[in-house]
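In: can you look at this prediction? I've put the sequence above it.
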Amino acid sequence: MREYGGYLPLELTPLHSDLASLWNGVKSDNILALNSGRAAIYYALQMMKPEKVYVPHYICKTVVDVVERLGIPYKKYYIAENLRCPSLSLKENECILVVNYFGILDSYIAEYIRQYKNIIIDNTQALFCPPVLKDGVYNVYSYRKFVGVSDGGALVASCLRPLANLQKDTSYSRINFLIKAIECGTNAAYMDYQAAIASFADEYLEMSLFTRRLLLSVNYKYVKTTRMQNYAALHTFLQQYNRLKCSGLGKNTAACWYPLLLAEDISAAMIKNKVYVPRLWKELLNEHFTGTFEYECSSHLLLLPIDQRYTIEDMQYIASLVKRYIVAAMKE
């Protein structure tokens with residue numbers, strides 16, 4: 001029964017009719033709205049039922065945990081220094097998971113689709129990369145890396161098998177960090193953020209009503225345009241220092257971050273100046289990976305913020321800090 005009266009809820013103006021409006025040509029039937037990108041990978045594998053899955057070494061450990069939880073045999077592969085996955089020979093009922101690293105590898109996707117019959121495209125760092133609607137192809141997304149929500153993921157495919165007894169998530173217990181960040185700053189709410197993410201690490205649920213409502217109110221055109229402008233600005237300022245050699249690096253893209261690979265590790269200096277740069281997958285920093293490209297990325301790759309909170313002037317400031325600390329490191 002509908003409720004009437006009482007206190008007023010948040011005033012959220014819906015700009016979109018459904019989540020499918022983010023991507024042209026995608027319908028609601030093509031989307032399974034979930035609480036995380038991990039959940040999307042979980043259900044993609046459940047629908048595919050592969051005999052084996054190939055997974056990159058350079059990926060979050062929680063993805064491997066998903067594969068192990070399903071009891072699917074897997075094999076890991078190394079990526080090349082241009083971020084490409086290698087050419088692998090897959091059997092009929094095997095699949096490969098490829099990652100659109102940092103959201104700059106859209107141009108590789110078409111090649112992977114031609115090469116592999118069964119494939120999961122991990123677009124958790126590439127929200128604006130259009131999904132491929134083709135049999136055997138599953139596209140995975142994460143919203144919280146691009147907009148201010150506490151959770152939210154999506155599995156997009158040409159034909160999604162109905163899932164029985166899929167429970168709906170709730171988000172009210174984990175949104176504290178979003179409110180605290182507005183009033184106290186991002187760093188002050190960081191521990192709350194980590195706790196919120198940990199709270200649904202092993203839960204593979206349908207997207208909460210609150211998260212869905214927030215996502216329908218996001219101005220994605222503004223988000224995309226701002227990220228593209230900031231990414232292009234940082235590339236202009238810093239490309240001469242970037243040791244990452246990838247064809248997608250200089251393209252106009254609404255990336256997750258600007259990836260800057262340096263010979264020196266200046267992340268501590270950047271964080272000291274309140275430029276918070278994530279270090280992805282530090283578990284690869286062990287002797288087993290010494291000398292690999294994966295080790296180099298985990299130890300020396302700066303992921304610089306380019307999101308919709310910032311302007312070109314902010315990018316100039318960030319670039320000036322980077323240049324200052326590169327010069328300082330070279331003098332040591």
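Out: Happy to help now that I have it. Keep in mind that this is a model prediction, so the values were computed, not measured. Numbering: from 1, shown residues only.

In: what is the burial count for the closest residue to Pro130 other than its chain neighbours?
Out: With sequence-adjacent residues excluded and distances taken as C-beta to C-beta, 6 or more residues apart in numbering, Pro130 is closest to Trp23, at 5.3 Å. Heads up, the C-betas are built off the backbone N, CA and C, glycines and all. Neighbour count for Trp23, taken as other C-beta atoms under 10 Å: 21.

In: check contacts around Trp23.
Out: 130-131, 156 (C-beta atoms under 8 Å, 6 or more residues apart in numbering).

In: any chance you could map the strands in the stretch 201-332 of the chain?
Out: Ranges of strands in the stretch 201-332 of the chain, per DSSP state E, counting those that start in this stretch, are 258-261, 301-304.

In: of all those strands, which lies closest to Lys75?
Out: strand 301-304 (24.5 Å; C-beta to C-beta).

In: residues making contact with the closest one?
Out: By C-beta under 8 Å, 6+ apart, strand 301-304 touches 102, 234, 244, 256-262, 266-267, 270, 275, 277-278, 280, 318, 322.

In: drop anything exposed from the residues you listed.
Out: Burial by neighbour count, judged by 16 or more other C-beta atoms under 10 Å, picks out 102, 234, 244, 256-262, 266-267, 270, 275, 277, 280, 318, 322 from the contacts of strand 301-304.

In: just these: which are in helices?
Out: Among these, the members falling in helices are 234, 267, 270, 318, 322 (criterion: DSSP state H).

In: distance of the fourth one from Tyr54?
Out: Okay, so that is Ile318. Here the criterion is C-beta to C-beta, to the nearest Å. By it, Ile318 lies 36 Å from Tyr54.

In: which of the ones in helices among the buried ones among the contacts of strand 301-304 lies closest to Cys60?
Out: Distance to Cys60, by C-beta to C-beta, is smallest for Ser267 among these, at 18.3 Å.

In: what residues are up against that closest one?
Out: With contact set as C-beta under 8 Å, 6+ apart, Ser267 has these partners: 277, 279, 302.

In: hang on, the earlier thing: switch the contacts of Trp23 over to JSON lines; also include pLDDT, secondary structure and neighbour count.
Out: As requested, those are exported to JSON lines (pLDDT from 0 to 100; DSSP: H, G, I helix; E, B strand; the rest coil; neighbours: other C-beta atoms under 10 Å):
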{"residue": "Pro130", "pLDDT": "95", "secondary structure": "coil", "neighbour count": "16"}
{"residue": "Pro131", "pLDDT": "97", "secondary structure": "coil", "neighbour count": "25"}
{"residue": "Val156", "pLDDT": "98", "secondary structure": "strand", "neighbour count": "27"}
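
In: what residues does Gln316 make contact with?
Out: Contacts for Gln316 (C-beta under 8 Å, 6+ apart) come out as 233, 237.

In: and what of Glu313?
Out: By C-beta under 8 Å, 6+ apart, Glu313 has no neighbours at all.

In: quick one: it from Tyr241, how far?
Out: Distance, Glu313 to Tyr241, using C-beta to C-beta: 20 Å.

In: and for Leu302?
Out: With C-beta to C-beta as the criterion, Leu302 and Tyr241 are 10 Å apart.
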